[in-house]
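Enquirer: one predicted model, sequence on top.
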2 protein chains.
Amino acid sequence: MRWVGDPLIGEGVVERRFDLEVETRVVPGILWTPEGAHGPRPIVLIGHGATRHKRVSHVLALARHLVRGHEFAVAAIDCPAHGDRRADRKADDIQIFADFLAEWSRPGSVDDMIAEWAATLEAVRSLEEVGDGPVGYWGLSMGTIYGLPFTASEPRVQVAVFGLMGLVGPTRERLAADALRVNCPVLFIQQWDDQLLPRPDVLALFDALATLDKRLHAHPGDHAAVPVEEVEFSISFLARHLGP
Amino acid sequence: MRWVGDPLIGEGVVERRFDLEVETRVVPGILWTPEGAHGPRPIVLIGHGATRHKRVSHVLALARHLVRGHEFAVAAIDCPAHGDRRADRKADDIQIFADFLAEWSRPGSVDDMIAEWAATLEAVRSLEEVGDGPVGYWGLSMGTIYGLPFTASEPRVQVAVFGLMGLVGPTRERLAADALRVNCPVLFIQQWDDQLLPRPDVLALFDALATLDKRLHAHPGDHAAVPVEEVEFSISFLARHLGP
């Protein structure tokens, strides 16, 4: 784990950019911690959506709220073909989405991302100011495509927020199988008029989650129109399960 | 409106039992207000579920939280064939449910209940300690069967919590038509494994609600297993829309 540049410090939050080597890949990430943090604390891992990146506004807002309001640590990494993992930093969304679809279709894509999240978790928990506290995961859409299999494979994840995904696409069978291994409390967010995802496929993924401590929250609107209400609920949900 | 017996006063909450004459019927109700209340305040009307009554434990808990935590007024009335409207106060749940199904099937059942809620609202708002503040409605299952048409007919209702109901039963067409007239913010609660209600019929009722400010919250479990989480969310949802 190598720090990149200087920390950004503001309103009680320390933001540090890092690079992490995982197998042959360099994974760019950000760690947010409370200013002056000492000792172990809960950590939330945030997986961004397709065409976005580790510091997109709602990820940043969620991270800052969890750090300021609850003294948690938060980490986010760029997915393959996104953010600082792209050579062409000015690619348009259509190009990035096309690259993501190719990556999603690549055998090993999910397992590689699981390895990256596991390595990130290991690295940040080795820091004294993060330590071995409880772990949560938050990720919608592409953040669920990769984060749900990660959660299924990672017993240290004690609570998760998923959504904006269904049993569709190249890894739908993997998603269905991994959902049967998710046993932690889950908040699942659906957009009722999602133009990317048929309702029945979304409901089937919620249905497949093994845990009985799950709740589906659905709102009108298209894929990306998740209301602030669910960011607020995510924060209180994560805090309730990870906090003291 | 005639008060029945003495007020119950405890932990800041005044509970008063009343009878109200509506057409030829006597409607038994309860009004909860903050101790020492003066002047107008928001009021929440609570419709109980089939086989329950106006003072069943979750209605009482919701009322007390809204009064204590938010200084609201709360009113609940017994539905026909329930609570103090029964001659045989010791009837078993099967008998009460059978009587409710007969009542639900009676033409005019919904309109009679709308008249009873409207009269209740009028009566309690005429009290100085309730006044003409904003109005909310909370009612699941039978509380939605009657409360959704009431909300559709009553422009003073500014926010509603519905659920545990779908487009089923003798008034399903009325429900579908009235849903198209519900324009206030709505929380809709579903039990994912509801043994009384097929999922598609429940989702169809949520879908039919005209308002775009609606959210579906679904949890595992049977009809009556709504978790405390949704009582808590109901309180903050009602408070956000009715409070200062």
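Expert: Everything's here; your move.
Enquirer: need the strands for chain A, in chain order.
Expert: A:2-10, A:13-22, A:25-34, A:43-47, A:73-77, A:135-139, A:157-163, A:186-191, A:214-219 (DSSP state E).
Enquirer: and the helices in chain A?
Expert: Taking DSSP state H, the helices of chain A run over residues A:57-70, A:93-105, A:109-125, A:142-153, A:172-179, A:199-208, A:228-242.
Enquirer: list the contacts for the residue nearest to residue A:215 when sequence neighbours are not counted?
Expert: Leaving aside its chain neighbours, residue A:215 sits nearest to residue B:219 (5.2 Å; criterion: Cβ to Cβ, 6 or more residues apart in numbering or on different chains). C-betas here are computed from N, CA, C, even on glycine. Each residue near residue B:219 by Cβ atoms under 8 Å, 6 or more residues apart in numbering or on different chains is listed here: A:214-216, B:189-192, B:225-227, B:229-230.
Enquirer: which of the residues you listed lies closest to residue B:101?
Expert: Ranking those by separation from residue B:101, with Cβ to Cβ as the measure, puts residue B:191 on top at 19.9 Å.
Enquirer: the closest one and residue B:142, how far apart?
Expert: Between residue B:191 and residue B:142 the distance is 15 Å, computed by Cβ to Cβ, to the nearest Å.
Enquirer: try residue A:196
Expert: The spacing between residue A:196 and residue B:142, counted by Cβ to Cβ, is 37 Å.
Enquirer: so those two - more neighbours on which side?
Expert: More neighbours sit around residue B:142 than around the other of residue A:196 and residue B:142, counting by other Cβ atoms under 10 Å in any protein chain shown; the figures are 23 against 16.
Enquirer: pretty sure that one sits against residue B:49.
Expert: Yes. Counting by Cβ atoms under 8 Å, residue B:142 sits close enough to residue B:49 to count as a contact (5.0 Å).
Enquirer: and the pLDDT at residue A:69?
Expert: At residue A:69 the predicted local confidence, pLDDT, stands at 97.
Enquirer: count the neighbours of it for me.
Expert: If we define neighbours as other Cβ under 10 Å, then residue A:69 has 13 of them.
Enquirer: what does chain A put close to chain B?
Expert: Within chain A, the positions near chain B by Cβ under 8 Å from any Cβ of the partner chain are A:190, A:192, A:199, A:203, A:206-207, A:212-221, A:229, A:233.
Enquirer: what do you get if the cut-off is 10 Å, keeping everything else the same?
Expert: Residues of chain A lying close to chain B (Cβ under 10 Å from any Cβ of the partner chain) are A:188, A:190, A:192-193, A:199-200, A:203, A:206-207, A:209, A:211-221, A:227, A:229-230, A:232-233, A:236-237, A:240.
Enquirer: any of those residues buried? List them.
Expert: A:188, A:190, A:192, A:199, A:203, A:206-207, A:209, A:213-220, A:227, A:230, A:233, A:237 (16 or more other Cβ atoms under 10 Å in any protein chain shown).
Enquirer: so who does the residue nearest the centre of chain A touch?
Expert: For chain A, the residue lying nearest the average C-alpha position, counting by Cα atoms, centre = their mean, turns out to be residue A:47 (2.2 Å). When the contact criterion is Cβ atoms under 10 Å, 6 or more residues apart in numbering or on different chains, the partners of residue A:47 are A:54, A:59, A:76-77, A:79, A:113, A:117, A:137-148, A:150, A:161-162.
Enquirer: mind redoing it with 8 Å?
Expert: Each residue near residue A:47 by Cβ under 8 Å, 6+ apart is listed here: A:76-77, A:79, A:117, A:137-139, A:142-144, A:146-147, A:150.
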